[in-house]
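> What would the 3D arrangement of this be:
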Amino acid sequence: MRRMIGPVLVGLGVFLVVAAGLARFYAYPALARVPAGYSSETSLQADGAQVFNSDPSVLAAETHDLRITSKTSEDVDADAPDGAVVWVNVTTIDKATGGNFQKSTERVAFDAVTGEAVDCASCDTWVAEADGDVVEQVATDFQGQIYKFPFGTEKQTYDVWDGSTEETAPATYEGEEEIQGLKVYKFVQVVESQVIDTREVPGSVFGVEDAVQADMRYSMIRTFYVEPVTGSPVHRIEERTQELVYDGQAVPAFVGTVYYTDGQVDDNVEAVGSKAMLLGGLHLLYPVVMVLLGLLMLGLGLVINRRVAAPLADGAHKDRPLVTA
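Sure thing, here's the model as predicted:
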């Protein structure tokens, strides 16, 4: 029985060293990417937001509590290059008292590991824009981070896509925080005030008789709370200012603060926390522990093998018959 201990330890040691390599260089890369067939629904809200009522009988800003649903799913049949995925996102903004305020749809291709938009002519990326009752899919060249940050997010500035300007703006790292015990990185993106559109609106909106050409002026401050191992936003806050501006007068079109609901944050912490623990372990902790334990077993097994072999060699030498002439 003693003769078996050494070989068993050597075998276990080799197994653990090999398993450590598989965990770090196979299992981790396989898991550190957005899952295939992804589908989710995210809930946000904006209490006391000022939104423009375009009903001809109103044509004025109103204050409403808004309930926002963002549904995202992968188009598994998309003609995307290796390593990229195509997601379709539908965002619906409803008034808490009833009635839809806004709906938007976009189709985006991005890298499954870095979360950054990819240039893919065959992916058919677009944003749906409404012109009256007609909805047109406008081809769009997305850039920067779209729905998430990279797996292994670093303490640096990232360019993040802004759908209103259809450009990226930097999201600057501003420190570590905790949400329900989960470590997150805080990033802040500031989109400076700018004109994003010009629209003809009834003059009565601004107290004049004839229709006028009004600028749609927009600015945004987004705060992302990102779990760094997975790159997933656990919480997001958007301070939005969008106004119709004419002759020095500004009328709110959509002014308010949009943020994840408490229930959504709870769900994010639970889902992201468990995956972060697994990925974090596979990236460093588990391989290091397995290598150290494997080397220990391997070394101990070799020592035991030598000690067992030595008495056997001595016994064989003493029992050897003498040869006489």
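
> quick one, helices of this protein?
2-22, 28-31, 262-280, 286-318 (DSSP state H).

> Quick check: buried residues in the shortest one?
What that stands for is helix 28-31. Across helix 28-31, burial judged by 16 or more other Cβ atoms under 10 Å covers residue 28. For every residue, glycine as well, the C-beta is placed using N, CA and C.

> how far does that helix sit from the chain's center?
Between the centre of helix 28-31 and the centre of its host chain there is 15 Å, according to Cα atoms, centre = their mean, to the nearest Å.

> tell me the average confidence for that helix?
The average pLDDT within helix 28-31 is 77.

> cool, stretch 114-130 as well?
92.

> Let's see the distance spanning that stretch from one end to the other.
31 Å (Cα to Cα, to the nearest Å).

> Just the buried positions in that stretch, please.
Those would be 114, 115, 116, 117, 118, 120, 123, 125, 126, 127, 128, for stretch 114-130 by 16+ other Cβ under 10 Å.

> Now the first one, what are its backbone angles?
As for residue 114, its main-chain torsions (degrees, to the nearest 10) stand at phi -80, psi -20.

> for it, what are its contacts?
Residues near residue 114 by Cβ atoms under 8 Å, 6 or more residues apart in numbering: 150, 151.

> mind redoing it with 10 Å?
Contacts for residue 114 were tallied using Cβ atoms under 10 Å, 6 or more residues apart in numbering; they are 33, 83, 145, 148, 149, 150, 151, 152, 158, 231.

> What of residue 187?
Residue 187 neighbours (Cβ under 10 Å, 6+ apart): 145, 149, 153, 155-158, 160, 170-175, 222-226, 233, 236.

> Narrow the residues you listed to just the buried residues.
145, 149, 153, 158, 160, 171, 173, 222-226, 233, 236.

> thinking again about what came up before, which one (most neighbours) among the contacts of residue 114?
residue 145 (27 neighbours; other Cβ atoms under 10 Å).

> how much space between that residue and residue 153?
10 Å (Cβ to Cβ, to the nearest Å).
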